[in-house]
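Novice: Test case, fold it:
(4 chains)
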4 protein chains.
Amino acid sequence: MAGAHASNGRVVIERIESTVLRGNRAGDPHLRRVPVYLPPSYDSDAARRYPVAYLLTGFMGRGRMLLNDGAWSPSIDDRMDALVARGACDEMILVMPDCLSRYGGSQYLNSSATGRYQDHLVEELVPLIDARYRTLAERRHRGVMGKSSGGYGALVLGMRQPRVFGAVACHSGDLYFDYAYRGDVPKFCAAVQRAGGVEAWLAAFEAKLQKQHDDFTVLNILAMAASYSPNSEAEPFGIDFPCDFETGAFQDEVWQRWLEHDPLRMLEHHAEALRSLGLLYLDCGVRDEWQLHLGARMFERRLMELGIAHEYEEFDDGHLNVGYRYDVSLPKMARALTPRG
Amino acid sequence: MAGAHASNGRVVIERIESTVLRGNRAGDPHLRRVPVYLPPSYDSDAARRYPVAYLLTGFMGRGRMLLNDGAWSPSIDDRMDALVARGACDEMILVMPDCLSRYGGSQYLNSSATGRYQDHLVEELVPLIDARYRTLAERRHRGVMGKSSGGYGALVLGMRQPRVFGAVACHSGDLYFDYAYRGDVPKFCAAVQRAGGVEAWLAAFEAKLQKQHDDFTVLNILAMAASYSPNSEAEPFGIDFPCDFETGAFQDEVWQRWLEHDPLRMLEHHAEALRSLGLLYLDCGVRDEWQLHLGARMFERRLMELGIAHEYEEFDDGHLNVGYRYDVSLPKMARALTPRG
Amino acid sequence: MAGAHASNGRVVIERIESTVLRGNRAGDPHLRRVPVYLPPSYDSDAARRYPVAYLLTGFMGRGRMLLNDGAWSPSIDDRMDALVARGACDEMILVMPDCLSRYGGSQYLNSSATGRYQDHLVEELVPLIDARYRTLAERRHRGVMGKSSGGYGALVLGMRQPRVFGAVACHSGDLYFDYAYRGDVPKFCAAVQRAGGVEAWLAAFEAKLQKQHDDFTVLNILAMAASYSPNSEAEPFGIDFPCDFETGAFQDEVWQRWLEHDPLRMLEHHAEALRSLGLLYLDCGVRDEWQLHLGARMFERRLMELGIAHEYEEFDDGHLNVGYRYDVSLPKMARALTPRG
Amino acid sequence: MAGAHASNGRVVIERIESTVLRGNRAGDPHLRRVPVYLPPSYDSDAARRYPVAYLLTGFMGRGRMLLNDGAWSPSIDDRMDALVARGACDEMILVMPDCLSRYGGSQYLNSSATGRYQDHLVEELVPLIDARYRTLAERRHRGVMGKSSGGYGALVLGMRQPRVFGAVACHSGDLYFDYAYRGDVPKFCAAVQRAGGVEAWLAAFEAKLQKQHDDFTVLNILAMAASYSPNSEAEPFGIDFPCDFETGAFQDEVWQRWLEHDPLRMLEHHAEALRSLGLLYLDCGVRDEWQLHLGARMFERRLMELGIAHEYEEFDDGHLNVGYRYDVSLPKMARALTPRG
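Specialist: Residues are numbered from 1 along each chain as shown, chains lettered A, B, ... in the order given. So this is what the prediction gives:
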């Protein structure tokens, strides 16, 4: 950023042309802008290499939003600069991927309905960053973290991609789908019925100059279906839904496919990956509006039972407006990724 | 009511001492006040006998609340007087039972956790009314109707007590529990955990001078558990809950017991009872906040498949503040119950 | 009420045919139903005479609503019975006038736009009650009390009718109109402009099966204008409004007429009346949504400066759902009105 | 921004060290970051000079927030790029000043309580931009525009600084203070009383990790007082308030000082300035939550009476989430500022 203080980091907006996202079924762009935060000493200390943390945004987000400024909620670069300036956090590079889809998200998964976002991250973005920046290009110096859907993504990448990521921080991540999403399925079903089908609902949503709060509940279930129960045969979106719009009935067989993506279910098969992490940090607010703290507690209980090292923290608030928790996780992440000795 | 117009009905508050409710586990009174509306001609036409409709209130209600007056929402007696006065409704007696429990309701069921409310209605209240008033004391002249939990109660009584009730009207009744209640189980679980258990939660709730909106969501699940999954062994309330407060996990085996009380499941075994009704009326708002219209549509679809005569109506509004629909159902009920000849 | 316990009071619904309300400009009925609560000993102790408290409801209320039953908010008769039963309150008669107008209220004032409600109370209702019931028919045994608009009415009647009422209790009364109402004038103006005029707005409001929350803000200003700035020349309603619907501008000259009805302004001219009261009780919630506690504090401060005896109490809540405060004021009122000796 | 498409503009963040803001009483920084958007051809067409529009954010905003990205609400640079790309808007430079104060804003005025923000804009920022960029550095090629408090600022600068700005666009600007703010004074007064004074309220507000919605209503009145009724003698903030925290009473003499800053009052004395503008555009939503459209209509009516050329548009929505209206105003502004010939 032009004119940045010597003691501040700077942000570069990378433009990445994805091969794996090209021609994705949702019709989303394969050109993406990815902000990269370079820490204060990056330009002056030309020999130094830095650990990298990938920051995944929540639902309806993309990397650029982490740069959004608020009167009392600093952008991630300002936040990081402040942490570094007061000696609370080691320097590291932050990468802010864009995995947004037409449906508001991708859960950072591969899906025939949205796109191969996990592959995009692991096969395209990580190598590009390591090629263009002076990174410490090893798993133990590379972490992934995020909030809500981004917390989910971080946890899942930590389980499935242990060769890529060596540290995970998950803020208020989507856990225990029976609580996190299931209660919104009837609202989704009712709204879609009222609109006359998913196609009509989505067209009306996209045409609205001002989206309404209730719309996002519907969109959320739509995005989760696109992520967890894609079906390339299903017209027009390639998505199976957890309810039958004709009868209104809940579709248990679709739901079972969702559950396979629930970190609580995945945990057992990925215990070794989790055990190998340099940092496994989770938190949640005990007034989470989707009761995600109940899932977080179950996850934590299972980690304890399996003897997997981790840190777990609860806050006395809800799901939204919790950017201040990065002040907790960024230092932990930096410490875990920074070479010792 | 003293000084009532000659052309108006009057309300008598019956006090009934229940035997079956005595010593109920919830500690609720066995003395109940039951308003009885006597139609305009009741006092002047001393030889005439009248059909009777039992009006069941929704959650957190008891019969007296049907008499509550609002600037733009008349009490049930005023509403009935107006309907009769303009010739829109035949005269009938209205009985307003009190099946309220400490938990906000009983679903008009027998439960070891609340009390034998179904027995109270059928074995105690109906005979008492027939004894004290000039009723047409036959099934075909006796109906049951209600809203929300009261609509549920009416439907269930119509299925289980065909020898007692010959007509049913169900406004926005609790149907398809997978949608109606399940989404609130996590909220219930979280609130109870925060309070330190059901006992602590209930004590705090009862001590509050001003109950809060969110409290009622929690209380609702508590009341449904008391109604659908009582367990006389369980301390201190004799209730099994659909979640484990220790782990937070959903309890599927308890949930299966709830589902046995879902009218959508009961329907198959009570098709004959439903077929025998003189009136089977259902309605719902298509913006119902608990999406009960989805269940209503499923129920209606099944009625059609089984060839059971019924009337079904949808309104373009939600779950609350729908007293105006009595202007639709009371005339239908009166017509169905009134002897032709 | 039929079947009341020997130890309970009973409620009689008086029907009163008002002369002064006949032909009122708002077109409201001159026949009114007025519930009268007779205390437990009234029927058994045929020689005894009782003090009387007139209970005035808030905006959009009429006397009958004080009988409304709630699962955790008892009707006024149940509340009074409970107070008497536990020895907390002397027996007295409670009278619940109906001064509701088409606009949701009358502020218990005389107005050419609504009707002569103050005259109705003082000249018609009080004599009728004293004639029909065994009252202690003297000022020092007759009190007036109420909540919100009813608290306003009680305070104004205490100031203007000292020969009639000897005790006043005012819960969250309308005080300091600059705060209580003025902030809602723009909302009123905007809503009326959108509707195309007051006539159109009112017609649309009255036609709605379900009134909306925002409607009541508009209706409130309409009712206050009808009460405070009537103008028999103004068509069609006989009301001057505090804003010009054409330009939208605030009308200060109309506002000044409102202010003449502000108890804070009236206080100076009625200090003697207030000083003569056997009880002058005021309260307010410190989170009052209309900030009426600010006005209450100013009123109290002025009472102190003038050396007028009074009791003032604050509660840590808001404007609504505060029926529990009758448990405070009814005993005080009964004590003040009961003959000592 | 690194990696921008050839066809896109780019954003430079200017860091400006203000002399006039140094040592301001509110303690806010005199170093400010000011984003500057340079249009697509800026780098390739090195001889070309461009008109400049100053974009003023609303309450609690600063220039950087105009760059905030949303899934369905593009940042101002993306929005401008898209307008230019589809030929809807001439190229121009956009400057996004930072006039945020501790209180959430400055109304772009000089005030001894906040700072000399108007001077900062006119005397410091405009010259700096003209010095560093290839601007058309004349009044007729320099415009000012904004939303809410920024719309207010644009209008006031258009009136007071006609030698600097030759075009104005005001979206939902603060107009007619009697409606815009006055209704929130009681809420402000009550909140400050509850907190134990302004100092305590502000300290508590600043300490909160998560600001609450109601806080902003209070902060808004605080900021307006700092902007409209500063008093360098008043401790500790140098602000006079429109209410007395001791008695709660409204302070009319302070309010009169506010009104001097109401554009509706200022209009008469600045008619010539307004008449000289190349563009005077105003809009408002007819469901504005602060009823600002009532003030906008009054302003427009007065413009008509005075024969001042202008454009006025209404939208069927409210005050928030109206960024889409920049798609209307940016092209108008660019057209007005672009040299013809």
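
Novice: now the closest residue to residue A:26 other than its chain neighbours: how far from residue B:142?
Specialist: Excluding the flanking residues, the one nearest residue A:26 by Cβ to Cβ, 6 or more residues apart in numbering or on different chains is residue A:102, at 4.6 Å. Bear in mind the C-beta positions are built from the backbone N, C-alpha and C, glycine included. Relative to residue B:142, residue A:102 is positioned 57 Å away (Cβ to Cβ, to the nearest Å).

Novice: next one: residue A:241
Specialist: For residue A:241, the distance to residue B:142 - Cβ to Cβ - is 44 Å.

Novice: Residue A:102 and residue B:142: which has the busier surroundings?
Specialist: residue B:142 (26 against 20; other Cβ atoms under 10 Å in any protein chain shown).

Novice: so what's residue A:295 up against?
Specialist: By Cβ atoms under 8 Å, 6 or more residues apart in numbering or on different chains, the contact set of residue A:295 is A:174, A:175, A:176, A:179, A:180, A:264, B:248.

Novice: for the helix or strand hosting it, which positions count as buried?
Specialist: Element membership for residue A:295 (DSSP states H and E) is helix A:292-305. Buried residues in helix A:292-305, counted by 16 or more other Cβ atoms under 10 Å in any protein chain shown: A:292, A:293, A:294, A:295, A:296, A:297, A:298, A:299, A:300, A:302, A:303.

Novice: Same check on stretch A:124-135?
Specialist: In stretch A:124-135, counting by 16+ other Cβ under 10 Å, buried: A:124, A:125, A:126, A:128, A:129, A:133, A:135.

Novice: which residues in the stretch 1-150 of chain A form helices?
Specialist: Listed in chain order, the helices of the stretch 1-150 of chain A (DSSP state H, counting those that start in this stretch) span A:76-85, A:117-119, A:126-132, A:149-160.

Novice: ranking those helices by burial, who's on top?
Specialist: helix A:149-160 (a mean of 27; mean count of other Cβ atoms under 10 Å in any protein chain shown).

Novice: what comes into contact with it?
Specialist: A:55-59, A:61, A:99, A:105, A:107-109, A:118, A:121-122, A:144-146, A:164-165, A:167-175, A:261, A:263, A:266-267, A:270, A:273-274, A:277, A:280, A:282.

Novice: what number of residues lie near residue A:148?
Specialist: Neighbours of residue A:148 using other Cβ under 10 Å come to 25.

Novice: Next, the contact list for it, please.
Specialist: A:58, A:59, A:171, A:172, A:173, A:174, A:292, A:319.

Novice: any idea how far residue D:168 is from the first one?
Specialist: Yep, that's residue A:58 we're talking about. Taking Cβ to Cβ, one finds residue A:58 at 38 Å from residue D:168.

Novice: Also residue A:145?
Specialist: 45 Å.

Novice: so residue A:184, which of the three states?
Specialist: helix (DSSP: H, G, I helix; E, B strand; the rest coil).

Novice: For it, give me its contacts.
Specialist: With Cβ under 8 Å, 6+ apart, residue A:184 has these contacts: A:217, A:220, A:221, B:183.

Novice: before we move on, back to that, of residue A:58 and residue D:168, which one has the most company?
Specialist: residue D:168 (30 against 23).

Novice: Show me the strands in chain A, by range?
Specialist: A:10-17, A:31-38, A:52-56, A:93-95, A:110-111, A:115-116, A:142-147, A:167-171, A:279-285, A:311-315 (DSSP state E).
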